[in-house]
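K.L.:
model this:
(chains A, B, C and D)
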2 protein chains.
Amino acid sequence: MLRISKLSDYAIVLLCEIAKAERGEGTTARQLAATTQIALPTVVKLLKMLKEDGVLLSMQGRNGGYRLARRPSETNLAVIIEAVEGPIALTECMSEELDCQIHSKCNTRPHWVHINAAFRQALSVVTLNDLTTGTMPVPVTLGGVRVAAL
Amino acid sequence: MLRISKLSDYAIVLLCEIAKAERGEGTTARQLAATTQIALPTVVKLLKMLKEDGVLLSMQGRNGGYRLARRPSETNLAVIIEAVEGPIALTECMSEELDCQIHSKCNTRPHWVHINAAFRQALSVVTLNDLTTGTMPVPVTLGGVRVAAL
DNA sequence: TTAAACAGTACTGAATTGGTCCCATTTTAC
DNA sequence: GTAAAATGGGACCAATTCAGTACTGTTTAA
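P.N.:
Got it, this is the predicted structure:
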């Protein structure tokens, strides 16, 4: 089906919320669950992942909570999705130690490397800032020809 | 994890094989299973899907088999993957009749539309011809900047 | 000392995917 | 005209992955 997972989708929603609340000096998992309607255990799980990958900073203790590790304009979709789903690797041979017989002689692999990079790039140009302020997407050209308007 | 499914991967392998055998006037599921080492029932299933979507033509009967519906240079990865996995829709709101509350006011949706298109485009420029002859990928630029070399 | 927050890990149910099987239909060779 | 070899179209099961939950520990401040 080739879908971004639900958890990645949730993560984006949560981070938008955190970005908005940033002036109030951070947010807690409990607050985020309340405002986003995502179940608290799920929110907790996601915030841990995002912290693990350096997207969020956390503060423990009584007045603890989470904050963005970087500015909204420096936090992009590629990083968020990778934090939740692991490295972007559209095919097995893009990530694992492969028992793929061919390896160097493979005609298909270079194309996947390329597609993978193009995809990751498309994700990485969209930042939290774009999502919270409603900035429109940048046009993409491929071989000099504009291919993705709208 | 965000992976192309194994079946899509198999489908690409099968089609490359069919493209190669094209001079011999088509191939059968049995032959393809033998040359690719993919289990016959799986091969059969995939060929059906590819035919269903117009990627392959089939001939029934004693001397039947499969042929490409279009030339190798006109059969691309986007079409193949869509035949196996359904329309490319990275998020739910890209495909289904959505019970998504916001719909028109959503800040995120336009970005997904764009990412989706960029991804599909990256897939669609790679044809069976490229895969069988070893043609190298076309560079991609984004906002005028080259982003995916190699 | 207690309460509210994060930290870490393990587990379970549901959904998707991968793979198989069965029987019907079509066509050709004998 | 019959048998064999091919596709056509379902249904089905097992295995993996994903989503969600639970539990127990640690940190910090009131």
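K.L.:
Count the residues that sit near the residue nearest to A:Leu15 when sequence neighbours are not counted.
P.N.:
Excluding the flanking residues, the one nearest A:Leu15 by CB to CB, 6 or more residues apart in numbering or on different chains is A:Leu128, at 5.7 Å. Where C-beta positions appear, they are placed from N, C-alpha and C, glycine not excepted. For A:Leu128, the tally of surrounding residues (other CB atoms under 10 Å in any protein chain shown) stands at 26.
K.L.:
gap between A:Leu128 and chain B?
P.N.:
Using CB to the nearest CB, to the nearest Å, A:Leu128 is found at 11 Å from chain B.
K.L.:
Enumerate every residue touching the residue nearest to A:Asp53 when sequence neighbours are not counted.
P.N.:
Computed as CB to CB, 6+ apart, the closest residue to A:Asp53 that is not its neighbour in sequence is A:Ala83, at 3.6 Å. Shown in contact with A:Ala83 (CB atoms under 8 Å, 6 or more residues apart in numbering or on different chains): A:Ala11, A:Met49, A:Leu50, A:Glu52, A:Asp53, A:Val55.
K.L.:
Is the second one within a helix or a strand, and which one?
P.N.:
With elements delineated by DSSP states H and E, A:Met49 resides in helix A:40-52, which encompasses its position.
K.L.:
contacting residues around the residue of chain A found nearest DNA strand D?
P.N.:
Closest residue of chain A to DNA strand D, CB to the nearest atom of the strand: A:Gly61 (2.2 Å). Contacts for A:Gly61 (CB under 8 Å, 6+ apart) come out as none.
K.L.:
ok, now A:Asn107?
P.N.:
A:Asn107 makes contact with B:Cys16, B:Leu131, B:Thr132, B:Thr133, B:Gly134, according to CB under 8 Å, 6+ apart.
K.L.:
ok, so what distance separates the last one from A:Asn116?
P.N.:
From B:Gly134 across to A:Asn116, the span is 18 Å (CB to CB, to the nearest Å).
K.L.:
isn't A:Glu82 right up against A:Gly54?
P.N.:
No - checked against CB atoms under 8 Å, the pair A:Glu82 and A:Gly54 is beyond contact range at 10.6 Å.
K.L.:
More neighbours: which of the two?
P.N.:
Remark: of A:Glu82 and A:Gly54, A:Glu82 carries more neighbours, 19 against 11, as counted by other CB under 10 Å.
K.L.:
still on that earlier bit, pick the one among the contacts of A:Asn107 closest to A:Thr91.
P.N.:
Nearest to A:Thr91 among the contacts of A:Asn107: B:Leu131, at 13.1 Å, using CB to CB.
K.L.:
who touches the closest one in this structure?
P.N.:
B:Leu131 is in contact with A:Asn107, A:Thr108, A:His111, B:Ile12, B:Cys16, counting by CB under 8 Å, 6+ apart.
K.L.:
so where does the nearest residue to the fourth one once chain neighbours are set aside fall, helix or strand?
P.N.:
With CB to CB, 6+ apart as the measure, B:Ile80 is the residue that lies nearest to B:Ile12, at 6.0 Å, once sequence neighbours are left out. Secondary-structure assignment from DSSP H and E places B:Ile80 in helix B:77-85.
K.L.:
Which neighbouring elements make contact with the next helix or strand after that helix?
P.N.:
Proceeding N to C from helix B:77-85, the next assigned helix or strand is helix B:109-124, under DSSP H and E. Contacts defined by 3 or more CB pairs under 8 Å, 6 or more residues apart in numbering or on different chains; DSSP states H and E place helix B:109-124 against helix A:109-124, strand A:140-142, strand A:145-148, helix B:77-85.
K.L.:
Let me know which of those is the nearest to B:Lys6.
P.N.:
B:Lys6 lies closest, by CB to CB, to one member of the helices and strands packed on helix B:109-124: helix B:77-85, at 9.8 Å.
K.L.:
Now do the closest one against helix A:109-124, angle only.
P.N.:
Angle, helix B:77-85 to helix A:109-124, by axes from the mean of the first three to the mean of the last three CA atoms, to 10 degrees: 90 degrees.
K.L.:
one step back: neighbour count winner among B:Gly134 and A:Asn116?
P.N.:
Neighbour count, other CB under 10 Å: between B:Gly134 and A:Asn116, A:Asn116 has more, with 19 against 11.
K.L.:
Find the nearest non-adjacent residue to A:Leu2, please.
P.N.:
In space, and not counting its chain neighbours, A:Leu2 is closest to B:Glu85: 5.5 Å by CB to CB, 6+ apart.
K.L.:
All good on my end, thank you.
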